[in-house]
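Q: Next comes the sequence, and after it the predicted model I'd like to discuss.
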Amino acid sequence: MPKARLLLDWLTLDEAAALPLYRQLYDQLRAAMLNGRLPTGSLLPSSRMLARELKVSRNTIVNAYDQLIAEGYLETAEGSATSVADLSPTSDGDSRQSRQIDVNATPSLSKRGIEIQRALEEWPHFPEAVAFTPGVPAFDQFPVKKWVRLLTLQAQRVRSEMASSHAHVGGYGPLREALASYLRTSRMVTCEADQVFVVSSARAGLDLVCRLLLDPGTSCLMEDPGYVSAKDVFRAADLRISPVPVDKDGLCIQQAEEIDPAARMAFVTPSHQYPMGVSLSAPRRQQLIEWADRRNAWIVEDDYDSEFRFDSRPLATLQGLDGGHRVIYIGTFAKVLFPTLRTAYVVVPRPLIPVFGEAVYNGGQEPPLHIQAALAEFINDGHFFTHIRRMRQVYKRRQASFVDSLKRHVGNRIPVERPPGGMQLVLNLPDEVPEAAASAAAAAHGLHARPLGIYSLAGTAPNALFLGFAAVPDQRIDPATKTLASAIFNL
């Protein structure tokens, strides 16, 4: 006696759901076959019949059935009904039905993957708050309309050079020219356009440097406390990190050779040390360059926010002092414009041009070309320079307001110092107020206050908070500062 077709009255489809109707039907039928609700050989209703029962178009049923037939869950023969295929285990013990997956099992990771996972686990949780997240620019001041106009214009242009993946290896030509001109005149970097490589972030640029210039196991000097993301990149690249203390004159390079005589690279933020905010002194700069020459080593200069110096002109770069021989210069638009632009650049010595160009292309690290083209026009039309000058005044005003508020609300208990520039500052805490507890108390009030200790490699950072003020609107600075003071002193 032939089997009767099943009545699938338990199927439910939601027309308001984001998932297409055929996919909802596919998911429910597939799950029923795998869990045994629809056993092998079960006959399904015809597409016409099921469409009538579910009050949907027949195409919806046909699309779901066809997908299940293609994947081997259903089978059909000419002139016969559609039925559930045999999903029982095969001789080698493998089947869709028998396969069990432990979704909580730890995946097998490479050494690089393990380092990335460790970095994730070590980073504490902070609230998503404007006050007082370090390194976040004042997007409320960005000329959005000008940028959108340029971006739309470039996205609409159809050019042969934008259609070819090989047309601009290393970055969009006009943007590289514009950046080289800007860096020569404003940052005193020694470079030509072909030395400038456009990448998706400063971290991507640093990762590129590590992979091309250092073998796994090679040691690298790093400021302590220092930039956490750089530490994570080095660890993921399987480099040995040698922490070097930072004092009022920046990296203590005279201690470096005692700390690690085998180091072959030094990562520094000389114009505005991250996070302490000091500048690398002229004698220390010369010592660092001499160290690199003597050791046949590289220096990576991260110039992340040097444009925002308030008491004087921006300091000259280490790369310019070196003449571009031993120093690799990294800059980013994340701090100057906005982080989600995902565009940065690396300036390399001339002998490294061919290998960097090929590595950037092979790694797929270039930002979208229409964004690069819009940035080129943004710079060439003068909007970039205008924005920097304007933001320098905005950040100077916000810094002054923040420092004044800190002095007003905590100044009798904590000495508050005003750094010469930047987008954030260090607030030292008394010994009886642990930074971790202060950070947690601030988070409970919706404020992002990072303990300075998370930037330390050797555990020698002062008991302090690292606070960003650049993105906080003027009218919010004092109320937020008052809340911060109340939180940390009422533990």
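A: It's in.

Q: Just the CA trace of whichever strand or helix holds residue 235, in CSV.
A: Element membership for residue 235 (DSSP states H and E) is helix 228-236. C-alpha atoms of helix 228-236 as CSV (Å, rounded to 0.1, in the frame of the first residue of the first chain):
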residue,chain,number,x,y,z
VAL,A,228,48.1,48.5,23.5
SER,A,229,47.1,47.8,19.9
ALA,A,230,50.8,47.9,18.9
LYS,A,231,51.5,45.3,21.7
ASP,A,232,48.7,43.1,20.4
VAL,A,233,50.1,43.3,16.8
PHE,A,234,53.6,42.4,18.0
ARG,A,235,52.3,39.4,20.0
ALA,A,236,50.2,38.2,17.2
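
Q: What's the first helix or strand after it?
A: Heading C-terminal from helix 228-236 (DSSP H and E), you reach strand 240-247.

Q: Please identify the buried residues of that following strand?
A: Residues 241, 242, 243, 244, 246 are the ones in strand 240-247 that count as buried (16 or more other C-beta atoms under 10 Å). No exception for glycine: its C-beta is placed from N, CA and C like everyone else's.

Q: rewinding a little: tell me the angle the helix holding residue 235 makes with strand 240-247.
A: Here helix 228-236 points in a direction 150 degrees away from that of strand 240-247 (axes from the mean of the first three to the mean of the last three C-alpha atoms, to 10 degrees).

Q: packing partners for helix 228-236?
A: In terms of contacts (3 or more C-beta pairs under 8 Å, 6 or more residues apart in numbering; DSSP states H and E), helix 228-236 is packed against helix 111-122, helix 202-213, strand 219-224, strand 240-247.

Q: got the buried residues of strand 240-247 as JSON lines, with pLDDT columns?
A: Formatted as JSON lines, the buried residues of strand 240-247 follow (pLDDT from 0 to 100):
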{"residue": "241", "pLDDT": "95"}
{"residue": "242", "pLDDT": "95"}
{"residue": "243", "pLDDT": "95"}
{"residue": "244", "pLDDT": "95"}
{"residue": "246", "pLDDT": "94"}
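
Q: any chance you could map the helices in the stretch 301-450 of the chain?
A: Under the criterion DSSP state H, counting those that start in this stretch, helices of the stretch 301-450 of the chain are mapped to 318-322, 353-363, 369-380, 383-410, 435-444.

Q: do you know which of these lies nearest residue 20?
A: Among those, helix 369-380 comes nearest to residue 20, with 30.6 Å by C-beta to C-beta.

Q: Kindly provide the whole-number mean pLDDT of the helix holding residue 235.
A: Helix 228-236 shows a mean pLDDT of 91.

Q: Just put the helices of the stretch 301-450 of the chain in JSON lines and tack on mean pLDDT and distance to residue 253.
A: Shown next, in JSON lines, are these (pLDDT from 0 to 100; distance: least, C-beta to C-beta, whole Å):
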{"stretch": "helix 318-322", "mean pLDDT": "91", "distance to residue 253": "11"}
{"stretch": "helix 353-363", "mean pLDDT": "88", "distance to residue 253": "26"}
{"stretch": "helix 369-380", "mean pLDDT": "92", "distance to residue 253": "34"}
{"stretch": "helix 383-410", "mean pLDDT": "93", "distance to residue 253": "29"}
{"stretch": "helix 435-444", "mean pLDDT": "93", "distance to residue 253": "28"}
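
Q: Which one, of those helices, ends up nearest to residue 64?
A: The nearest among those, by C-beta to C-beta, is helix 369-380 at 38.3 Å.

Q: Distance from that closest one to the middle of the chain?
A: 21 Å (C-alpha atoms, centre = their mean, to the nearest Å).

Q: what does stretch 384-398 give?
A: In terms of C-alpha atoms, centre = their mean, the centre of stretch 384-398 is found 24 Å from the chain centre.

Q: Residues contacting that stretch, please?
A: 137-138, 141-143, 182, 307-310, 336-337, 378-379, 421-423, 469-470, 472, 474, 477 (C-beta atoms under 8 Å, 6 or more residues apart in numbering).

Q: Equivalent analysis for stretch 47-54, please.
A: 5, 8-9, 11, 13, 25, 44-45, 57-58, 60-62, 65.

Q: and with 7 Å instead?
A: 8, 11, 13, 57, 58, 60, 61, 62, 65 (C-beta atoms under 7 Å, 6 or more residues apart in numbering).

Q: related to what we said a few turns ago, turn the helices and strands packed on helix 228-236 into TSV, including distance to residue 325.
A: Output for the helices and strands packed on helix 228-236, formatted as TSV (distance: least, C-beta to C-beta, whole Å):
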stretch	distance to residue 325
helix 111-122	30
helix 202-213	14
strand 219-224	18
strand 240-247	22
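
Q: Comparing these, which stretch has the densest surroundings?
A: Counting by mean count of other C-beta atoms under 10 Å, strand 219-224 has the highest mean neighbour count of these, with a mean of 24.

Q: Moving C-terminal from the helix or strand bottoming out on mean pLDDT in the chain, which element do we reach first?
A: Ranking every helix and strand in the chain by mean pLDDT, DSSP states H and E puts helix 160-163 at the bottom, with a mean of 58. Using DSSP H and E, the next helix or strand after helix 160-163 towards the C-terminus is helix 173-186.
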